[in-house]
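Chemist: missing the sequence, but the structure's below:
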Ligand code: DI6
Ligand code: FE
């Protein structure tokens, strides 16, 4: 049965631009977009339902392509410490930071992790998010990474959102491997990744390439195993220093390299050649009060696709609103509202390997869209948070 949605304007985001259709209509069938165009040209035929959208602006469902939604505890106490002058590094050296979240996550039951992650995810969904990526990485042992990945799968089953699961076992060094980073990498490569992949819990593999995490050589060992397992890779790179992780990611045809404040022009060239998406995370930039901006001009000049994500995590980006990240991408990184919206639709889909099926309003794509009661598409990057009036459609069905 076909459904006709009409009396709306559409920002289709095809090719990563607004690609506006005024007075548009959309035909959906069995969860997919069958046709979209000017209402005057709607194909003749039988429509089971005709739904008026009261002049709303329709965009693709928003996609948050980088989050760490599943974790135990939170770190607002460390936030207070940092405001009193204690540095992120000092807190980490005293056993806080990622290590404290790892302790809380290991101590939590699967049900407890599910309940807290569900609340955070519901916040993201309030912004019209219909697809989200969630990483493990606060377990750092086979059992606790498995626990997190199972929670991630369950979130996708129980909430109205498409969830992609990324294994970030190479996020930090667990305490039992202190001073033995190579041994931990070996454990990831020979035990963790093969087991978790065999259980169907992993859609992609990520790592944290940084002087205070893992070296490019260590990351490459993880990438090689991911490749053998047939899993695409992503990388946290160039957040605090330049190790050329983004070029390494490009050599492995990574779906994305993320953060990137310290990347170089050569990195941008490599990413453009491999089609690796640059995922920028303005929430982490803001929360850490960073001053080094990602090289926007080099990214644009070399045609690297740019996505924006929340990086929702307890340490560096407790960000519960993807639309707030759109605003920050514009104010902090000087992106245009159009670039920012492409960054949470078409380019975010590509960063998840879903560029053919999601991210724009085009025939053949999944019918995930949001009808916003706004005046112009730029309103999505303009309002600072809040809950905008909207209707959300997922797989062709209004939620
Ligand atoms: N980059 C980050 O900013 C976070 N992880 C990462 O790879 C930090 C996560 C944390 O502090 O808990
Ligand atoms: Fe992250």
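Modeler: Okay, I see it. Not measured: the values here are computed from a predicted model. Ligands and ions are numbered 1, 2, ... in the order given.
Chemist: So which bits of the stretch 251-399 of the chain are right by ligand 1?
Modeler: For the stretch 251-399 of the chain, the contact set with ligand 1 under Cβ under 6 Å from any ligand atom comprises 284, 313-316. All C-beta spots, glycine's among them, are computed from the backbone N, C-alpha and C.
Chemist: who's in contact with the closest residue to residue 148 other than its chain neighbours?
Modeler: Spatial nearest neighbour of residue 148, chain neighbours left out: residue 136 (4.2 Å); criterion: Cβ to Cβ, 6 or more residues apart in numbering. Shown in contact with residue 136 (Cβ atoms under 8 Å, 6 or more residues apart in numbering): 70, 145, 148-149, 152, 165-169, 171.
Chemist: rewinding a little: tell me which two of the residues of the stretch 251-399 of the chain next to ligand 1 sit farthest apart.
Modeler: In terms of Cβ to Cβ, those reach their longest pairwise distance at 284 and 314, which sit 11.8 Å apart.
Chemist: Tell me which of the residues of the stretch 251-399 of the chain next to ligand 1 fall in helices.
Modeler: residue 284 (DSSP state H).
Chemist: Of the residues of the stretch 251-399 of the chain next to ligand 1, just the buried ones, ChimeraX syntax please.
Modeler: ChimeraX command restricting these to the buried ones, with burial defined by 16 or more other Cβ atoms under 10 Å:
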select :284,313,314,315,316
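Chemist: Closest one of the residues of the stretch 251-399 of the chain next to ligand 1 to ligand 1?
Modeler: Nearest to ligand 1, judged by Cβ to the nearest ligand atom, of these is residue 315 at 2.1 Å.
Chemist: Report whether residue 133 is found in a strand, as I expect.
Modeler: Yes. Remark: residue 133 belongs to a strand, assigned using DSSP: H, G, I helix; E, B strand; the rest coil.
Chemist: With the flanking residues excluded, which residue is spatially nearest to it?
Modeler: Nearest residue to residue 133, sequence neighbours excluded (Cβ to Cβ, 6+ apart): residue 164, at 4.5 Å.
Chemist: Tell me which helix or strand comes right after the helix or strand containing the one you found.
Modeler: Take DSSP states H and E as the rule and residue 164 turns out to sit in strand 162-170. Next in sequence after strand 162-170, counting helices and strands by DSSP H and E, comes helix 181-187.
Chemist: Distance of the residue nearest to residue 148 relative to residue 292?
Modeler: 28 Å (Cβ to Cβ, to the nearest Å).
Chemist: The spatially closest residue to residue 71 that is not a sequence neighbour - how many residues pack around it?
Modeler: When the adjacent residues along the chain are set aside, residue 71 lies closest to residue 138, with 4.6 Å between them (Cβ to Cβ, 6+ apart). Using other Cβ atoms under 10 Å, residue 138 has 30 other residues around it.
Chemist: Residue 395 now?
Modeler: Residue 395 - counted by other Cβ under 10 Å - has 16 other residues nearby.
Chemist: That one and residue 367 touch, don't they?
Modeler: Yes. At 6.2 Å, residue 395 counts as touching residue 367 under the criterion of Cβ atoms under 8 Å.
Chemist: what's the overlap in contacts for the two?
Modeler: Shared contacts of residue 395 and residue 367 (Cβ under 8 Å, 6+ apart): residue 31.
Chemist: which ones are touching the spatially most central residue of the chain?
Modeler: Nearest to the mean C-alpha position of the chain, by Cα atoms, centre = their mean, lies residue 65 at 1.5 Å. Counting by Cβ under 8 Å, 6+ apart, residue 65 touches 132-133, 256, 279, 307, 309, 344, 348-349, 351-352.
Chemist: And residue 264, by the same measure?
Modeler: Taking Cβ under 8 Å, 6+ apart as the criterion, residue 264 is in contact with 242, 244, 295, 298.
Chemist: Of the contacts of residue 136, which is the nearest to residue 202?
Modeler: Within those, the smallest distance to residue 202 is 4.5 Å, found for residue 167 (Cβ to Cβ).
Chemist: Look through the chain and tell me its longest strand.
Modeler: The longest strand of the chain (DSSP state E) is strand 49-60.
Chemist: partners of the helix or strand following that strand, with directions?
Modeler: Past strand 49-60, further along toward the C-terminus, the next helix or strand under DSSP H and E is strand 62-64. Here strand 62-64 has these sheet partners by DSSP bridges: strand 129-135 (parallel).
Chemist: Now do the helix or strand following the partner strand: which elements does it pack against?
Modeler: Sequence order places helix 142-158 as the next helix or strand after strand 129-135, per DSSP H and E. In terms of contacts (3 or more Cβ pairs under 8 Å, 6 or more residues apart in numbering; DSSP states H and E), helix 142-158 is packed against helix 98-107, helix 110-125, strand 162-170, helix 193-198.
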